[in-house]
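S.K.: Below are the sequence and a predicted model; questions follow.
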Amino acid sequence: MRPALFFCILLCLLLALDGALFLDGLSRRKAQGAALARLEVATSGLGLTDLAVATEARYTRHPAVSDAVAPFMDHPGAIEHFPTGAFWLPPR
């Protein structure tokens with residue numbers, strides 16, 4: 001098989017995969033819109049600012065409502081106690 005033919009086949013497969021992922025993303029966005037509307041009703045009905053993402057520790061609940069030094073209150077070099085603490089990137 002010529003290298004150019006192999007490259008064209010690979011490129012076509014990657015383009016087909018990209019198109020499939022794009023269509024999947026569009027369908028998931030529509031489904032998320034309905035779920036987001038239900039969450040907005042729940043947060044406004046309960047009087048909350050945001051729904052909690054996790055309840056393990058106060059700094060893993062939501063980045064909007066946690067203080068920046070909460071992860072380091074135990075010890076600056078301490079190992080992460082909760083697995084959801086790895087969800088949030090440190091601030092720049």
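M.R.: Nice, I can see it.

S.K.: Residue ranges in this structure under the pLDDT threshold?
M.R.: 48-91 (pLDDT under 70).

S.K.: domains for it, by residue range?
M.R.: Residue ranges for each domain of the chain read 1-48, 49-92, as given by automatic domain parsing.

S.K.: Tally up the residues packed near residue 39, please.
M.R.: 13 (other CB atoms under 10 Å). (C-beta placed from N, C-alpha, C; glycine too.)

S.K.: And the contacts of stretch 6-19?
M.R.: The list of residues contacting stretch 6-19 from outside it, by CB atoms under 8 Å, 6 or more residues apart in numbering, is empty.

S.K.: Name the residues of that stretch that are buried.
M.R.: When burial is assessed from 16 or more other CB atoms under 10 Å, stretch 6-19 yields no buried residues.

S.K.: Restricting to C-alpha, output it in CSV.
M.R.: Output in CSV follows, covering the C-alpha atoms of stretch 6-19 (Å, rounded to 0.1, in the frame of the first residue of the first chain):
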residue,chain,number,x,y,z
PHE,A,6,-2.7,4.9,3.8
PHE,A,7,-2.7,8.6,4.8
CYS,A,8,-6.0,9.3,2.8
ILE,A,9,-7.7,6.3,4.5
LEU,A,10,-6.5,7.4,7.9
LEU,A,11,-7.6,11.0,7.2
CYS,A,12,-11.1,9.8,6.1
LEU,A,13,-11.5,7.7,9.2
LEU,A,14,-10.5,10.5,11.5
LEU,A,15,-12.9,12.9,9.7
ALA,A,16,-15.7,10.4,10.1
LEU,A,17,-14.9,10.1,13.8
ASP,A,18,-14.8,13.8,14.2
GLY,A,19,-18.2,14.2,12.6
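
S.K.: Could you check how far residue 7 is from residue 28?
M.R.: 31 Å (CB to CB, to the nearest Å).

S.K.: Residue 43 too?
M.R.: 22 Å.

S.K.: Same check on residue 14?
M.R.: 21 Å.

S.K.: do residue 35 as well
M.R.: In terms of CB to CB, residue 35 sits 10 Å off from residue 28.

S.K.: Can you get me a residue count around residue 43?
M.R.: Neighbour number of residue 43 under other CB under 10 Å is 13.
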